[in-house]
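Novice: following is a predicted model, sequence given first.
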Amino acid sequence: MKPASLGEQLREWRVRRRMSQMDLALDSEISTRHLSFIETGRSRPSAAMLQRIADCLEVPHRARNALLLAGGYAPDYQERPLDSTEMAGMKAIVEHVLKGHEPYPALAVDRHWNMIAANSAVEILTRLAAPELFVPPVNVLRIALHPDGLAPHIANHGEWRAHLLERLDHQIDASADAGLIALREELAGYPAGADAHHGSEANGIAVPLILETPMGQIRFVSTVTIFGTPVDITLSELAIEAFFPADADSAALLQALATQ
C-alpha cells in the first residue's frame, strides 16, 4: 500500500483533533489558504513549519517522523531500545523508580502495553495468571482481562474492564495507533463478566482494582508516570504504572507478603 501523502496525513490528524482549517491555521500562524495548499499538495512546508503544525495537532513523535518523511525531510526522532547503550541512564532511572515503589507493584510498559520491566512485587499479580500469557511480548492488558489471566480474580471485573477499555479509547484517539486498535478489539472480545460495579468504590475518586488472592482481598489504586521532555520515541511512549494500596488492610497485607 502506498504511504499516505503529507497532505493526507495532516488532514487526518486535523480531523481527528476536530479542528477546522481555519482553527489550525490560526493556531499555527499561517494563512488558511497556505494550509489548504499544503493539504492538497500544492505547497511544501518547511520542516520548521511542519513541526509547528504538528505541535498544534499534538502529533506523537512516531507519527511526526512519518510527516517529516512524507514532506521530504529526515526524521527528527530516534528510536533506541531501552536496553541499548545510549539509553543506559534512562533504563537506570526506570529501574530505580520501580525498585523504590516496593513492596507495592509497579511496571513499565511500551505504547502497546507490553511489559518492559517490573519490580518484584508484580509477582503478587502475575502468579494468579496462566504461564502461557507470559510468553514474550507480555501484554499487561491481556493478562488483566484474559479469562486465564487476572480476570477471574478481579472482584470488580466489569468496572475494571470498562476502565481499561476507556483508557485504550483515549490512547487510540490521541495516537491513531493500529496496534492499539487491534489490542482493543481483542480485549473487547473477552467475556465481560457479570459483576454489577458501575461506579468507583474509592470514595468516588478513583477506579480501584479489587483483587482476590489466596492471602485475602487487596484493593489497589494506580498512577501512571511518563517522562516529561522525551525526544526519543521509545522514551516518549514509555509509561510506568504504579499500584498503591487503597486502604490500610491492603497495605498491611502487601507488607506481610513482602516479608515472606
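Specialist: Looks like it arrived, so ask away. Numbering: from 1, shown residues only.
Novice: all helices of the protein, in order?
Specialist: 6-16, 21-28, 32-40, 47-57, 61-70, 88-100, 123-126, 140-145, 157-175, 178-188, 233-236, 248-258 (DSSP state H).
Novice: buried set for the longest one?
Specialist: Of the residues in helix 157-175, those with enough neighbours to count as buried (16 or more other Cβ atoms under 10 Å) are 157, 159-161, 163-164, 168, 171-172, 175. (C-beta placed from N, C-alpha, C; glycine too.)
Novice: what do you get for the first one?
Specialist: Buried residues in helix 6-16, counting neighbours by 16+ other Cβ under 10 Å, are found at 6-7, 9-11, 13-14, 16.
Novice: with only the CA atoms kept, save that helix in CSV.
Specialist: Extracted in CSV, the C-alpha atoms of helix 6-16 (Å, rounded to 0.1, in the frame of the first residue of the first chain):
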residue,chain,number,x,y,z
LEU,A,6,1.9,14.6,3.7
GLY,A,7,-1.4,16.4,3.0
GLU,A,8,-3.5,13.3,3.6
GLN,A,9,-1.7,12.7,6.9
LEU,A,10,-2.1,16.3,8.1
ARG,A,11,-5.8,16.3,7.1
GLU,A,12,-6.3,13.1,9.0
TRP,A,13,-4.7,14.5,12.2
ARG,A,14,-6.7,17.7,11.8
VAL,A,15,-10.0,15.8,11.5
ARG,A,16,-9.0,13.6,14.4
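Novice: just give me the longest strand of the protein.
Specialist: If you go by DSSP state E, the chain has its longest strand at strand 216-226.
Novice: output the contacting helices and strands for that one.
Specialist: With contacts defined as 3 or more Cβ pairs under 8 Å, 6 or more residues apart in numbering; DSSP states H and E, the packing partners of strand 216-226 are strand 209-213, strand 239-245, helix 248-258.
Novice: now that strand: mean pLDDT?
Specialist: Computed over strand 216-226, the mean pLDDT rounds to 95.
Novice: hey, what's the angle from that strand to helix 88-100? Just curious.
Specialist: Computed by axes from the mean of the first three to the mean of the last three Cα atoms, to 10 degrees, the angle separating strand 216-226 from helix 88-100 equals 150 degrees.
Novice: what's strand 216-226 in contact with?
Specialist: 97, 105, 124, 155, 201-202, 206-211, 238-247, 249-250, 253-254 (Cβ atoms under 8 Å, 6 or more residues apart in numbering).
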